[in-house]
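J.: Pasting a predicted model and its sequence here:
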Amino acid sequence: MTAHIHVDRLTKVYRIAERDPGLRGALRGLWRRRYRTVEALAGVSFSLQRGELLGLIGPNGAGKSTTVKLLAGILRPDGGRITIDGRDPFAEREAHVGRIGVVFGQRTQLWWDLPVEDGFDLLRDIYRVDAADYRRTRDELVALLNLEGVLGQPVRQLSLGQRMRAEIAAALLHRPDILFLDEPTIGLDAPSKLAVRDFVRRANRERGTTVLLTTHDMHDIEALAQRVIIVGHGRVLADSPVEALRRQVLAERRLVVDFAGTPPDGTELAGTPVAAREGRTLVLRFDPQQTPAADLIARIAAAHAVEDIRIESPSIEEVIARFYALHGAAEA
Ligand SMILES: Nc1ncnc2c1ncn2[C@@H]1O[C@H](COP(=O)(O)OP(=O)(O)OP(=O)(O)O)[C@@H](O)[C@H]1O
C-alpha cells in the first residue's frame with residue numbers, strides 16, 4: 001500500500017532580516033539589509049498510512065509547526081518532497097485544502113468579530129460545501145463539541161476552551177479526511193482538554209480521519225497517539241510506537257512498597273536498589289526483563305510485613321525528558 005502522506009527529506013530555511021539597534025541601525029538597514037538564516041528543517045522524512053494518529057513532538061523550536069505548515073500547503077519547502085494522496089500540498093493548494101482540516105492552537109482561523117455561526121457559514125462558502133451536507137455536518141459538530149451556547153457570540157468573546165472547540169468544528173465543516181492539529185490543547189483546562197482528546201479520538205476511530213498532532217502535553221500523546229515522531233533541531237530523532245519508545249528509553253519499573261512497620265535499612269532490598277524512601281514506604285527500581293515483578297514481590301512479602309505493594313511505570317514525561325537529554329535535543 002502506498003502511503004497516504006509521504007514526506008521525503010524535507011528542508012526549510014527561514015531568512016530573518018537583521019538590523020543594528022537604534023535609529024542609526026534602522027536607517028542603515030534601509031539600504032543595506034543583513035540576513036541571518038535559520039535551518040528549521042534539515043531533512044525530515046516519514047510516512048503515514050490512512051487512518052493513523054501520529055504525535056509529532058519535540059522541544060521548542062524543533063520544527064514541528066514548520067512541518068505542519070508545509071504539510072498544510074501554507075509554506076513552500078526549500079528542498080525535499082511532500083506527497084499527500086498523490087498531491088503536492090503547495091503546488092496544488094486549492095485541491096489540497098479541500099481534503100485537510102488544520103487547527104493552530106495559538107491562532108484563530110475564525111473571524112474575530114463575527115459570531116461563530118457566521119464564521120461557519122463563511123467557511124461553507126469558501127469550501128463550497130453543499131447546503132444540506134453543511135447543515136448536517138455543522139449540527140453534528142455543534143452537538144459533539146458542545147457549541148450550542150456560543151454560536152451567536154463573536155469569537156473574540158469566547159473563552160480559550162470554547163474557541164478551541166469552535167476552531168476544531170471550523171476545521172471539520174468540509175469533512176476533510178486529514179486533520180492537522182498544532183498544539184490543540186495548549187492553555188486549556190482539564191475538562192476542555194479531555195473534551196478535545198475525546199473528540200479527536202472519535203474522529204480518528206469512528207470516521208477514520210488521519211490525524212497528525214503536535215503537542216507538548218504528554219497526556220495528549222498517552223491518550224491519543226499510537227505512534228510518535230520526535231524531532232530535534234529539524235531532524236527526526238525517533239519514529240516509533242509509544243510503548244516501544246518507553247521500553248527503549250526507560251524500561252525500568254518501580255515497585256512501591258508500604259511496610260506495616262519500620263522498613264528495612266540499606267540501599268538495597270531483595271537485591272534491588274532502593275530509589276527513594278519516605279516514612280514506611282520504599283520505592284525500588286528494577287528492570288522487568290531481568291527481575292520478574294512477581295519474584296520480587298514474593299521475596300519481599302515472604303521476608304517482611306507489607307501493607308500494600310504496587311508497580312509503577314515511569315511517566316511518559318520522564319521517558320521523553322530522558323530521550324531529549326540522551327539526544328542533546330534541548331531547545332534550539
Ligand atoms: N516565520 C519564521 N521566520 C523565521 N524563523 C522562524 C519562523 N518560524 C519559525 N522559525 C524558526 O524555525 C525554527 C523552528 O520553529 P517551529 O515553530 O517550527 O518550531 P516548533 O517545534 O513548532 O516550536 P514550539 O514547540 O516552540 O512551537 C525555530 O528556530 C524558529 O525560531
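T.: Right, received. Where do you want to start?
J.: Could you pull out the helices in the stretch 1-150 of the chain for me?
T.: 22-31, 64-71, 93-97, 116-127, 131-144 (DSSP state H, counting those that start in this stretch).
J.: my bad, the stretch 201-332 of the chain
T.: According to DSSP H, counting those that start in this stretch, the stretch 201-332 of the chain carries its helices in the segments 218-224, 242-249, 293-303, 316-326.
J.: Of the helices of the stretch 1-150 of the chain, give the one that comes closest to R163.
T.: R163 lies closest, by C-beta to C-beta, to one member of the helices of the stretch 1-150 of the chain: helix 116-127, at 8.9 Å. C-betas here are computed from N, CA, C, even on glycine.
J.: re the thing from before, of the helices of the stretch 1-150 of the chain, which approaches the ligand most closely?
T.: helix 64-71 (3.3 Å; C-beta to the nearest ligand atom).
J.: can you give me how far that closest one is from the chain middle?
T.: Helix 64-71 sits 12 Å away from the centroid of its parent chain (C-alpha atoms, centre = their mean, to the nearest Å).
J.: same thing with stretch 207-224?
T.: Offset of stretch 207-224 from its chain centre (C-alpha atoms, centre = their mean): 5 Å.
J.: Now do it: distance from first to last residue.
T.: End-to-end distance of stretch 207-224: 15 Å, with C-alpha to C-alpha, to the nearest Å as the criterion.
J.: Could I get the buried residue list for it?
T.: Buried residues in stretch 207-224, defined by neighbour count with 16 or more other C-beta atoms under 10 Å: 209-224.
J.: State the number of residues packed around D258.
T.: 14 (other C-beta atoms under 10 Å).
J.: Any regions of the stretch 51-200 of the chain where pLDDT drops low?
T.: Along the stretch 51-200 of the chain, the model assigns pLDDT under 70 to no residue.
J.: same thing but 90
T.: In the predicted model of the stretch 51-200 of the chain, residues 105-109, 127, 144-145, 160-161, 187-193, 195-196, 199 satisfy pLDDT under 90.
J.: need the residues of it near the ligand, please.
T.: Residues of the stretch 51-200 of the chain lying close to the ligand by C-beta under 6 Å from any ligand atom are 58, 60-66.
J.: Can you flag the buried ones in the residues you listed?
T.: Buried residues within these, counting neighbours by 16+ other C-beta under 10 Å: 58, 61-66.
J.: Let me have stretch 137-147 in CSV, keeping just the CA atoms, if that works.
T.: Taking Å, rounded to 0.1, in the frame of the first residue of the first chain, the C-alpha atoms of stretch 137-147 are listed here in CSV:
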residue,chain,number,x,y,z
THR,A,137,-22.1,18.3,9.5
ARG,A,138,-22.5,21.6,11.3
ASP,A,139,-25.3,20.3,13.6
GLU,A,140,-23.3,17.2,14.3
LEU,A,141,-20.1,19.1,15.2
VAL,A,142,-22.0,21.7,17.3
ALA,A,143,-23.6,18.8,19.3
LEU,A,144,-20.4,16.8,19.7
LEU,A,145,-18.3,19.8,20.7
ASN,A,146,-21.0,21.3,22.8
LEU,A,147,-21.1,24.6,21.0
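J.: so how far is the first residue of stretch 177-194 from its last?
T.: For stretch 177-194, the first-to-last residue distance is 22 Å (C-alpha to C-alpha).
J.: circling back to that earlier point, so which of the helices of the stretch 1-150 of the chain has the densest surroundings on average?
T.: Ranked by mean neighbour count, the helices of the stretch 1-150 of the chain are led by helix 64-71 with a mean of 23 (mean count of other C-beta atoms under 10 Å).
J.: Who are the packing partners of it?
T.: With contacts defined as 3 or more C-beta pairs under 8 Å, 6 or more residues apart in numbering; DSSP states H and E, the secondary structure elements packing on helix 64-71 are strand 5-18, strand 34-48, strand 53-57, strand 79-84, strand 100-104, strand 178-182, strand 210-214.
J.: how about those in JSON lines, adding distance to V196?
T.: As requested, the helices and strands packed on helix 64-71 are exported to JSON lines (distance: least, C-beta to C-beta, whole Å):
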{"stretch": "strand 5-18", "distance to V196": "22"}
{"stretch": "strand 34-48", "distance to V196": "21"}
{"stretch": "strand 53-57", "distance to V196": "13"}
{"stretch": "strand 79-84", "distance to V196": "24"}
{"stretch": "strand 100-104", "distance to V196": "9"}
{"stretch": "strand 178-182", "distance to V196": "9"}
{"stretch": "strand 210-214", "distance to V196": "10"}
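J.: can you tell which of those strands is closest to H233?
T.: Distance to H233, taken as C-beta to C-beta, is lowest for strand 34-48 among the helices and strands packed on helix 64-71, at 7.0 Å.
J.: and this protein, what are its domains?
T.: 51-247, 251-313 (automatic domain parsing).
J.: quick one: which of the ones you listed is nearest A321?
T.: That would be, of these and by C-beta to C-beta, domain 51-247, which comes in at 9.2 Å.
J.: give me the number of residues near R280?
T.: 15.
J.: now the one 5 residues further on
T.: Other residues within reach of R285 by the criterion other C-beta under 10 Å amount to 14.
J.: Does it have any beta-bridge partners, and if so which?
T.: Per DSSP bridges, the residues bridged to R285 are R254.
J.: Quick check, it in contact with T267.
T.: No - in this structure, R285 is not within contact of T267 by C-beta atoms under 8 Å, at 11.2 Å.
J.: Okay then, goodbye and thanks.
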